Structure formats: structure tokens, C-alpha cells
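>>> Pasting a predicted model and its sequence here:
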Amino acid sequence: MPILHALAFFLGFLIASRVLLSAVRTFVLPRPGVDAIVQIASRLLRIAFNLAMRLAPNYRRRDEIMALYGPVGLIFLVPILLSMLGIGFMLMFWGIGAGNFYQAFTLSGSSLLTLGFVTANKTTEYGLAFLEAVSGTFILALLISYLPTIYSMFSKRELLVTTLEVSAGSPPWAVTFVDRSFLIRQFDQNDLDRTWREWNAWFNELEESHTSLPALPFFRSQQPNRSWITAAGTVLDAAALVRSSVDIPMNPRADLMIRSGYLALKSIAMSYGFRYDPQPAFPRVPISISREEFDRAHAQLTAAGVPMKADVERCWIHYAGWRVNYDAQLLDLCAVVMAPEAPWSSDRCHGRWALTPRFKDRNIDPTSIASVEANSKDALPDAVTANDDEP
């Protein structure tokens, strides 16, 4: 029996220590860290959410369900950690002789929740009770301090995601972005330079926040058809199109923005366990955009009056050379967060991740004000056309 009690105490100590380490990794550590407890809990919760989404009649309802996944997952983690902490201390209480398992369990629960309906009898029991109360309070305090940080970073992220709808439509598309940039601003270099600067800073903040705060990628935008990951893909594709195909002077800010973007997406995706070719090169590594899709986009922009380069073959090679750097990460993250369908990103990622459900209907809400029709010519600002002579 003394050996059994010693083993129980040692096992309980390991469980309690592991729970506290998991809490520090999740709520405190300012760098990506894959924690087994959090990973298992998240996957189990995702399976339950997927079952609920399969019963949803349309995308709007699925989006409402998925909007709860991030907050519920964060709150759900606390009772799991506290329960494991209580089990660990129960084993330690039993190991030092605090009665049978039931008595050790009630003493552990009373100490963890600071209820005081069961009191300790020995000095060692008092010491463990104080330590358990402090540990439980520590986990709750971490969650309370964690929430304001989450929502602060969420608000900063969504600012540019919301403003992107003006220039890229909803759902956003890089071709729409380039089209409207020409029709509205005539590719003003100062405007484009400011755009690339803003999104470069956005990607830098995105990498820091979405790797150190693992719940944040699952906090969805206010509107069903908006998403941080489809916005990221749209801006990266827009810069790649401008650099490869639009006949305007080169702007190195676009190159820097693309690089910061694909490095950010790679860091976030790798924090979920994805691995990628460290030096992808086209055509050795294919991309999800076909040559036919690119040709149609090139023709559409040419017809709209955008000054496109004449050598379509060369444009395609240069565009694919940029896209290959972020193509896989973009699609993987779209699948992980179940992003709303958007051209050239989430429209080709369904089922890419093992826990991503497949649905027959499109992953977009056609009844929303911000619908795919916003990408039509009628959605351009009041009577703005390429041939307008009036100011």
C-alpha cells in the first residue's frame, strides 16, 4: 500500500503539473506552441460542431454555429483543465492518506473551487489544499486576462477586412480589386503604395497574434461572407496580378507585402501542424489556379480597360511564381476555419483538412446584402466607368 500511495501521489503531481504547463502555453506563452491537451480538446469539440453543422439547412445557419466554435472552445478549455487539475490533486490527497477515494475527491473539489465544505485535517493536507486553490484561481485569472487581448486583436484584424469589401467586393476577389483600382483610382501609385504598406503591417500583426493566440483564427467576422483568410488571399492575389500582369511601373512595396503575407500564413498554418516545401517553385510545385482561370481573368481585366501586359504566357509564369509561395497555406487555413466561399481561395479547399465537413450547397449566403452579386459592374460607385469625362 505505501508503494501504491506513492505512485498515486507521483501520478497526481504529474497530471497537475501538466495542466499548469498547458495553461501557461495557451494563455501566457507569446509564441506558437502545440499543446496535446488543447489539441485533443479542440479536435473533439470540432467533431461535435461538424455533426451540428451537418444538420444545418444552409450556410447562414452553419456560419452561426461555427461562430460559436472559437469562443466555446476557449471557455470549454477551462473546465477541462480544472477537472484534470482536480483529478491530479485527488490522487495526491489519496497518496498522502487523506481517506478513501471519495474523501480525497470531495477534499480536492472543495479546495479547487474554494467552497470550504470539506476541511483538511493535517498539515500536508492543508498545504495541498492551499496549492490547489491557488492553481485553480491562477487558471481562471489567466482566462479573464486573456479575453480582452483576444477581442482587441480581433478588432484590429477586422478593420482592414471590412474596408476590403469596398475595393474587392463580397466575397472578395483579386480580379475585382484590380478592376476597381483602375476604374476608380487609375492605378494611382501613391494609393497602391499606401495599400501595400497597410496590408504589410496587417500581415505582420496577423502572424504575431494568430500564432500566439491559437483561438483567434476561429473568431469569425461580423458578416457571414467575410473572413480574414479570404481577405488575405485576395490581397496577395491582387498584388501578384499587379506585379505579373498589369503594365504599370514596378512597386517594390507589393513584393514586400507578398513576402510578409506568405510568411505569416505559413507560420499560422505550421502552428496547426501543417508542413510545406521550404522553397516551392512553379511548375515543380503546382498551384490550385488553372491556366484557363488565369486566362479568363486576364481577358476580363483587358476588356475592362486595365492596362495589361500583352505576353499572357509570361504573365502566367510570373503570377504562378508568386502564388506558389502561399497557395497551399491559403487553402489549408481556409479549410481549418471553414471560411466562406470566395474565388481563388476557399472555393477549392473543401475537404482539404480531415475535420472539414463537405456540403452539397455552396459555402456562401446568397441572401446576404454582401453577396456575390456585389462583384458585378452595377456595384461600382455611382456611374464610374473607364470612359467618364465628367469629374
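Now that the structure is in, tell me what you want to look at.

>>> from here on, contacts and neighbour counts on C-alpha atoms
OK.

>>> which SS state does the residue nearest to R243 when sequence neighbours are not counted fall under?
Counting by C-alpha to C-alpha, 6 or more residues apart in numbering, M250 is the residue found nearest to R243 once chain neighbours are left out, at 6.9 Å. Classification of M250 by DSSP: H, G, I helix; E, B strand; the rest coil places it in coil.

>>> these two touch, right, M250 and S244?
No: with contacts counted by C-alpha atoms under 8 Å, M250 stays clear of S244, the gap being 9.6 Å.

>>> And these two? Which one has more around it.
S244 (22 against 13; other C-alpha atoms under 10 Å).

>>> Please verify my assumption that R358 contacts G351.
Yes: with contacts counted by C-alpha under 8 Å, R358 reaches G351, the gap being 5.8 Å.

>>> I'd like the average pLDDT over the longest helix seen in the chain.
Under DSSP state H, the helix in the chain containing the largest number of residues is helix 123-168. Across helix 123-168, pLDDT averages out at 89.

>>> go on, stretch 246-253?
Mean predicted confidence for stretch 246-253 is 88.

>>> what's next to that stretch, contact-wise?
When contacts are taken as C-alpha atoms under 8 Å, 6 or more residues apart in numbering, the neighbours of stretch 246-253 outside the stretch itself are D193, W196, R197, R243, V306, P307, M308, K309.

>>> can you tell me which residues contact the last one?
It refers to K309. S245, V246, D247, C315.

>>> Show me the two of those residues that sit farthest apart.
Comparing all pairs in those by C-alpha to C-alpha, the longest separation belongs to D247 and C315, at 10.4 Å.

>>> returning to that earlier point: for the record, mean pLDDT for the following helix or strand past the longest helix of the chain?
Next in sequence after helix 123-168, counting helices and strands by DSSP states H and E, comes helix 174-185. Within the predicted structure, the mean pLDDT of helix 174-185 is 86.

>>> what's the angle between helix 174-185 and helix 123-168?
Interaxial angle, helix 174-185 versus helix 123-168 (axes from the mean of the first three to the mean of the last three C-alpha atoms, to 10 degrees): 60 degrees.

>>> Which secondary structure elements does helix 174-185 sit against?
In terms of contacts (3 or more C-alpha pairs under 8 Å, 6 or more residues apart in numbering; DSSP states H and E), helix 174-185 is packed against helix 123-168, helix 228-245, helix 291-303.

>>> and those helices as CSV, adding distance to L11?
Putting the helices and strands packed on helix 174-185 into CSV (distance: least, C-alpha to C-alpha, whole Å) gives the following:
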stretch, distance to L11
helix 123-168, 15
helix 228-245, 42
helix 291-303, 58
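
>>> Which of those sits closest to Y326?
Between Y326 and the helices and strands packed on helix 174-185, the shortest gap by C-alpha to C-alpha is with helix 228-245, which sits at 8.4 Å.

>>> ok so, going back, tell me the buried residues within the contacts of K309.
Neighbour counting with 16 or more other C-alpha atoms under 10 Å marks S245, V246, C315 as buried within the contacts of K309.

>>> one step back: quick check: phi and psi at the residue nearest to R243.
As for M250, its main-chain torsions (degrees, to the nearest 10) stand at phi -60, psi 140.

>>> cool, and the one 3 residues further on?
Backbone torsions for R253, taken as degrees, to the nearest 10, come to phi -60, psi -30.

>>> Domains in the protein, by residue range?
2-144, 156-379 (automatic domain parsing).

>>> will you turn the ones you listed into TSV that also has distance to I150?
Shown next, in TSV, are the domains of the chain (distance: least, C-alpha to C-alpha, whole Å):
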stretch	distance to I150
domain 2-144	10
domain 156-379	6
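
>>> Low-confidence ranges, the stretch 251-391 of the chain, go.
Low-confidence segments of the stretch 251-391 of the chain, defined by pLDDT under 70, are located at 360-391.

>>> hmm, back to that, and the longest helix of the chain, what other elements does it pack with?
In terms of contact count using 3+ C-alpha pairs under 8 Å, 6+ apart, helix 123-168 is assigned the packing partners helix 2-27, helix 69-95, helix 101-112, helix 174-185, helix 189-212, helix 228-245.

>>> nearest to A269, of the helices and strands packed on helix 174-185?
Go through the helices and strands packed on helix 174-185 one by one with C-alpha to C-alpha and the one that ends up closest to A269 is helix 228-245, at 11.3 Å.

>>> Is it correct that L113 is in contact with F138?
No: in terms of C-alpha under 8 Å, L113 does not count as a neighbour of F138; the distance is 11.8 Å.

>>> Endpoint to endpoint, stretch 167-182 covers what distance?
In stretch 167-182, first residue to last residue: 10 Å (C-alpha to C-alpha, to the nearest Å).

>>> just stretch 165-183 next, same as before
End-to-end distance for stretch 165-183: 16 Å, by C-alpha to C-alpha.
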